[in-house]
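A.B. asks: Show me how the following folds:
(one chain, ligands or ions: 2)
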Amino acid sequence: MLKPASDLRLHHRRVLVIDDSPAVCAALEVLFSLHGAEVLSAACPSEGLAVLQEQPVDLVIQDMNFRREATSGEEGVALFHEIRRVHPDLPIVLMTAWTHLETAVELVKAGAADYLAKPWDDARLLTTVSNLLDLRQARAQAAALRRERHEARAALERRFNLCGAVYESEAMHTLVSVATQVAHADVPVLITGPNGSGKEVLADIIQANSAVRAGPYVKVNLGALPGDLIEAELFGTEAGAFTGARARIGRFEAASGGTLFLDELGNLSAAGQAKLLRVLQTGQFERLGSNATRRAEVRLVAATNADLRGAIRAGTFREDLYYRLNVIELEVPPLAARAEDVLPLARHFLDERHSLSPAAEAALGRYPWPGNVRELRNVIRRACLLAESAEIGEAALNLPALEREPAEAPQPDRAAVESALARNEGNISRAARELGLSRQALYRRMEKLGLKTDT
Ligand SMILES: Nc1ncnc2c1ncn2[C@@H]1O[C@H](COP(=O)(O)OP(=O)(O)OP(=O)(O)O)[C@@H](O)[C@H]1O
Ligand SMILES: [Mg+2]
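C.D. replies: Numbering: from 1, shown residues only. Ligands and ions are numbered 1, 2, ... in the order given. All right, here's what the predicted structure looks like:
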């Protein structure tokens, strides 16, 4: 049954066995070294702790009693806690007699990786150990990646003003880096992305790091203005341009020497689009009701959650204007596409009196966030106001009962379905739960895969 030296997952991994029985140590040494692992052994807790102090170890297998007459398991409990204290992340597998399984279960709750009853089953022990080693490696890699990103962010933050943007995801890091790089150039930037995803935060970063950051920063929400007022708002009016009109400078003039942020660009009328195109091409415009041509020197940043390419096809947005504006296009992904940002943002929005329970954090991770970061901010603010205790639980978040888009749920393949069914002895409900599907969805999946559903 043993496949000598073939299990790559165990190759060059170092396993420490702490057991007073030389026979146990010898057996485990043969078992693991056949699979390419290096085995160290220690006959008592103090010797085991000394080994751990001297050299790096990937996993510990420990006994619960270390003297012939001892049966209480106390020594094993003390050893476990001592190893945990010094090595918080080291996987520890407990070997115990059947009579002491309760103690082992207690220790697993306290953070032991797993336990096996003596006499152990070789195949099961090997599987347990190699899974734990894989998990440890995956965690170490994830932690290294996170550290790298934190360093990259810190480096960016030393050079640029990131305007308090909070993120962990690679996607946002790339986006913010590009924003800081293009900030200095005098080219228009178009920011696209769904509602509440953080388009304005990116615009702020561009402004704050631009050559004109000392100049005015004018924001115009084109979606909030009635269509017939937009032109007057942008370009200004001459006294008497229309009944009751007073002379007024427009936002282009107000932003001269600085940055103009045009939000909700998709709402600009055909006439407004024509004028905007002209300013972009020539720098020239006129106030409403005036023939005097003026010049505007502004850095233009525009944002939209509309599908401008679709609007071009539909004939409601000018293609030439689109190409003028999107010299640089920054696309902010929806929050659901950058799951790593959810918890850092949630913690950022908490006030200093509240924290999130683990169940609440898990619920935030499952929710699909159709309203993106703004919705997350509102959920956390509301929970802080209404929470009855310092720790916000899942119920206090009051998240709407939304399911993730079905398209987003990965469809398990045949092997995944079969092994889930096998693990759950053919129990459809339990297998479905494990696969993250409803019972009906699993039935449909099984039918599609040609698996028998009449068990
Ligand atoms: N990365 C982030 N870090 C911190 N706060 C953020 C981040 N992204 C968004 N926010 C906050 O979330 C809210 C919504 O962001 P923002 O206004 O930039 O979104 P938007 O894409 O412009 O939305 P809309 O399409 O509705 O105009 C704001 O309060 C903003 O401060
Ligand atoms: Mg906005």
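A.B. asks: What values do phi and psi take at whichever residue of the stretch 101-250 of the chain sits closest to ligand 1?
C.D. replies: Nearest residue of the stretch 101-250 of the chain to ligand 1 (Cβ to the nearest ligand atom) works out as residue 198 at 2.8 Å. No exception for glycine: its C-beta is placed from N, CA and C like everyone else's. Dihedral angles of residue 198 (phi, psi; degrees, to the nearest 10) stand at phi 120, psi 30.
A.B. asks: shouldn't it be in contact with residue 372?
C.D. replies: Yes. With contact defined as Cβ atoms under 8 Å, residue 198 and residue 372 form a contacting pair (7.4 Å).
A.B. asks: The residue of the stretch 101-250 of the chain closest to ligand 1: how many residues sit nearby?
C.D. replies: With neighbours defined by other Cβ atoms under 10 Å, the count for residue 198 comes to 26.
A.B. asks: now residue 19
C.D. replies: Residue 19: 23 surrounding residues under other Cβ under 10 Å.
A.B. asks: And the pLDDT at it?
C.D. replies: With respect to pLDDT, residue 19 scores 95.
A.B. asks: Excluding covalently adjacent residues, which one is nearest to it?
C.D. replies: residue 63 (4.1 Å; Cβ to Cβ, 6 or more residues apart in numbering).
A.B. asks: Does that neighbour touch residue 18 like I think?
C.D. replies: Yes. Counting by Cβ under 8 Å, residue 63 does reach residue 18; the two are 6.3 Å apart.
A.B. asks: which one of the two has more residues nearby?
C.D. replies: Using other Cβ under 10 Å, the more surrounded residue of residue 63 and residue 18 is residue 18, with 28 against 25.
A.B. asks: What is the neighbour count of the nearest residue to that one once chain neighbours are set aside?
C.D. replies: Excluding its sequence neighbours, the residue lying closest to residue 18 (Cβ to Cβ, 6+ apart) is residue 48, at 3.7 Å. For residue 48, the count of nearby residues is 25 (other Cβ under 10 Å).
A.B. asks: What confidence value was assigned to the residue nearest to residue 19?
C.D. replies: What the model reports for residue 63 is a pLDDT of 93.
A.B. asks: phi, psi of it?
C.D. replies: phi -80, psi 170.
A.B. asks: how near is it to residue 25?
C.D. replies: 10 Å (Cβ to Cβ, to the nearest Å).
A.B. asks: Residues that sit against both of the two, list them.
C.D. replies: With contacts taken as Cβ atoms under 8 Å, 6 or more residues apart in numbering, residue 63 and residue 25 have residue 19 as neighbours in common.
A.B. asks: OK, contacts around the residue of the stretch 101-250 of the chain closest to ligand 1?
C.D. replies: Applying Cβ under 8 Å, 6+ apart, we find residue 198 in contact with 165, 332, 372, 373.
A.B. asks: Redo these as CSV? Include distance to residue 10 and neighbour count.
C.D. replies: Listed next are the contacts of residue 198 as CSV, based on distance: Cβ to Cβ, whole Å; neighbours: other Cβ atoms under 10 Å:
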residue, distance to residue 10, neighbour count
165, 43, 20
332, 44, 25
372, 44, 24
373, 44, 24
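A.B. asks: For those, work out which two are farthest apart.
C.D. replies: The most widely separated members of the contacts of residue 198 are 165 and 372, with 13.9 Å between them, by Cβ to Cβ.
A.B. asks: Would you check how far apart residue 217 and residue 94 are?
C.D. replies: Look at residue 217 and residue 94: by Cβ to Cβ, they are 62 Å apart.
A.B. asks: of these two, who's got more company?
C.D. replies: Neighbour comparison, residue 217 and residue 94: the larger count goes to residue 94, with 27 against 19 (by other Cβ under 10 Å).
A.B. asks: Beta-bridge partners for residue 329, please?
C.D. replies: Residue 329 forms beta bridges with residue 190, as assigned by DSSP bridges.
A.B. asks: Now do the helices in the stretch 301-450 of the chain.
C.D. replies: Residue ranges of the helices in the stretch 301-450 of the chain, as given by DSSP state H, counting those that start in this stretch, are 308-313, 319-325, 342-349, 358-366, 372-386, 394-397, 414-423, 428-435, 439-448.
A.B. asks: So which of those helices is nearest ligand 1?
C.D. replies: That would be helix 372-386 among the helices of the stretch 301-450 of the chain, by Cβ to the nearest ligand atom, at 3.6 Å.
A.B. asks: okay, the angle between the closest one and helix 358-366?
C.D. replies: Counting by axes from the mean of the first three to the mean of the last three Cα atoms, to 10 degrees, helix 372-386 lies at 160 degrees to helix 358-366.
A.B. asks: Restricting the selection to alpha carbons, write helix 372-386 to PDB.
C.D. replies: What follows is helix 372-386 as a C-alpha-only set of coordinates in PDB (Å, rounded to 0.1, in the frame of the first residue of the first chain):
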ATOM      1  CA  ASN A 372     -20.700  48.200  -3.600                       C
ATOM      2  CA  VAL A 373     -18.600  50.100  -1.100                       C
ATOM      3  CA  ARG A 374     -21.300  52.700  -0.400                       C
ATOM      4  CA  GLU A 375     -23.700  49.900   0.600                       C
ATOM      5  CA  LEU A 376     -21.100  48.400   2.900                       C
ATOM      6  CA  ARG A 377     -20.500  51.800   4.500                       C
ATOM      7  CA  ASN A 378     -24.200  52.200   5.100                       C
ATOM      8  CA  VAL A 379     -24.600  48.700   6.500                       C
ATOM      9  CA  ILE A 380     -21.800  49.300   9.000                       C
ATOM     10  CA  ARG A 381     -22.900  52.800  10.000                       C
ATOM     11  CA  ARG A 382     -26.500  51.600  10.600                       C
ATOM     12  CA  ALA A 383     -25.200  48.600  12.600                       C
ATOM     13  CA  CYS A 384     -23.100  50.900  14.800                       C
ATOM     14  CA  LEU A 385     -26.100  53.100  15.500                       C
ATOM     15  CA  LEU A 386     -28.500  50.200  16.300                       C
END
